[in-house]
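Engineer: Build me a model from this:
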Amino acid sequence: MSNTSSTAARADVYSRVTAEIIAAIDQGAGEWRAPWFHDGTGIARPTNLASGKRYRGINILALWAAGMAAGYADGLWGTYKQWREAGAQVREGERSTTVVLWTEIKSSRQANDYDRDDDGHRRMFARAFSVFNVAQVDGYERSVTNILPESQRLTDAETFIANLGVKTVFGGAEAYYLPSSDTVFMPEFTAFRDAASFYGVWLHENGHASGAKHRLDRVLTSRFGSAAYAAEECCVEILSGLILADLGIAHHPRPDHAAYVASWLKVLKDDPKAIFTAASKAQQAADWMHAQQPRTEEMAA
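Structural biologist: Sure thing, here's the model as predicted:
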């Protein structure tokens with residue numbers, strides 16, 4: 001593949017995935033509902049049929065967007081071939097969703113077919129794959145999944161956040177992270193409409209803390225300039241969606257989310273790679289959070 005054709009292919013991958021996510025946000029524009037807001041059920045945890053592993057990063061966003069647009073209730077996805085090998089058949093006329101598989105460069109001869117990752121440290125090649133949801137196939141019986149009671153899920157969320165080791169001070173009317181003291185400030189539990197909102201906001205502020213210099217040192221100004229604040233907010237909201245999905249808790253929009261989603265939507269439309277960067281940084285932060293826990297779950301690409 002020539003350098004020109006490989007560059008065009010990468011641009012097409014970025015554009016296709018970004019276009020699907022923008023369409024999902026536009027579809028819910030009346031409520032400014034982005035794909036990373038979910039109800040905490042199975043659709044919030046996209047899983048690959050063949051490997052049984054969870055999807056990661058931009059692929060989660062793409063599958064969230066598709067699932068939200070179509071109203072799917074299950075997060076099981078597979079390629080046409082994978083469904084066929086499982087004894088199922090994708091129904092005629094069903095529309096696929098694009099996911100991306102990243103492959104690291106192995107030789108200098110392949111260099112023209114690759115692109116650098118967000119930090120410019122490795123050279124990666126993006127390949128697009130088409131997947132279908134279990135709701136789009138016939139002949140597949142989904143195994144029953146045990147769901148933890150809500151009380152246990154909320155307890156798990158409390159433990160998960162405590163394991164992050166970020167100091168939290170409760171009281172006052174606002175939720176925010178103060179870098180100078182490396183402290184999260186939160187209103188009392190009773191100030192929130194429900195437990196999901198409380199844990200969602202608490203995770204959001206811990207998400208900001210994950211970017212501290214002594215943790216992930218997440219700096220977005222170099223790529224996004226004046227839009228860096230909106231980029232950080234979007235990144236952390238995606239992160240909150242990832243972790244809350246893992247915990248089986250709904251991710252509700254914050255009261256102030258409309259303003260930054262509106263500004264972020266413009267960034268997405270101007271730069272097809274922007275959402276890839278935000279999703280990558282969010283996944284990095286989610287990986288850091290899981291690394292602070294007693295055990296982590298293996299995920300798919």
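Engineer: Wasn't residue 40 part of a strand?
Structural biologist: No. Secondary structure of residue 40, determined by DSSP: H, G, I helix; E, B strand; the rest coil: coil, with no strand assignment.
Engineer: In this structure it contacts residue 243, no?
Structural biologist: No. Checked against CB atoms under 8 Å, the pair residue 40 and residue 243 is beyond contact range at 11.0 Å. The C-beta positions use only the backbone N, C-alpha and C, and glycine is treated the same way.
Engineer: Could you give the number of residues near residue 181?
Structural biologist: Other residues lying near residue 181 total 10 when counted by other CB atoms under 10 Å.
Engineer: follow-up on the earlier one: between residue 40 and residue 243, which has more neighbouring residues?
Structural biologist: Using other CB under 10 Å as the criterion, residue 40 and residue 243 rank with residue 243 on top: 25 against 21.
Engineer: That one is in contact with residue 287, isn't it?
Structural biologist: No. The pair residue 243 / residue 287 is not scored as a contact, 10.6 Å apart, by CB under 8 Å.
Engineer: right, and residue 196 touches residue 40 too?
Structural biologist: Yes. At 7.3 Å, residue 196 counts as touching residue 40 under the criterion of CB under 8 Å.
Engineer: and for the two, which residues touch both?
Structural biologist: Both residue 196 and residue 40 are contacted by 244, 249, 250, 251, under the criterion CB atoms under 8 Å, 6 or more residues apart in numbering.
Engineer: mind putting the residues you listed in CSV, pLDDT and neighbour count included?
Structural biologist: Rendered in CSV, the data for the shared contacts of residue 196 and residue 40 read as follows (pLDDT from 0 to 100; neighbours: other CB atoms under 10 Å):
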residue, pLDDT, neighbour count
244, 93, 26
249, 91, 26
250, 86, 20
251, 81, 27
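Engineer: And these, which is closest to residue 139?
Structural biologist: Top of the list for closeness to residue 139, among the shared contacts of residue 196 and residue 40 and by CB to CB, is residue 250 at 31.7 Å.
Engineer: helices and strands of this protein: which one bottoms out on pLDDT?
Structural biologist: strand 115-116 (a mean of 45; mean pLDDT, DSSP states H and E).
Engineer: Could you list the domains of this protein?
Structural biologist: Domain assignment of the chain by automatic domain parsing yields the ranges 3-138, 150-291.
Engineer: mind showing which ranges of the stretch 151-300 of the chain have poor pLDDT?
Structural biologist: Under the criterion of pLDDT under 70, the regions of the stretch 151-300 of the chain flagged as low confidence span 254-261, 296-300.
Engineer: Do a quick rundown of the helices in it.
Structural biologist: Secondary structure of the stretch 151-300 of the chain (DSSP state H, counting those that start in this stretch): helices located at 195-210, 221-224, 228-247, 257-270, 274-291.
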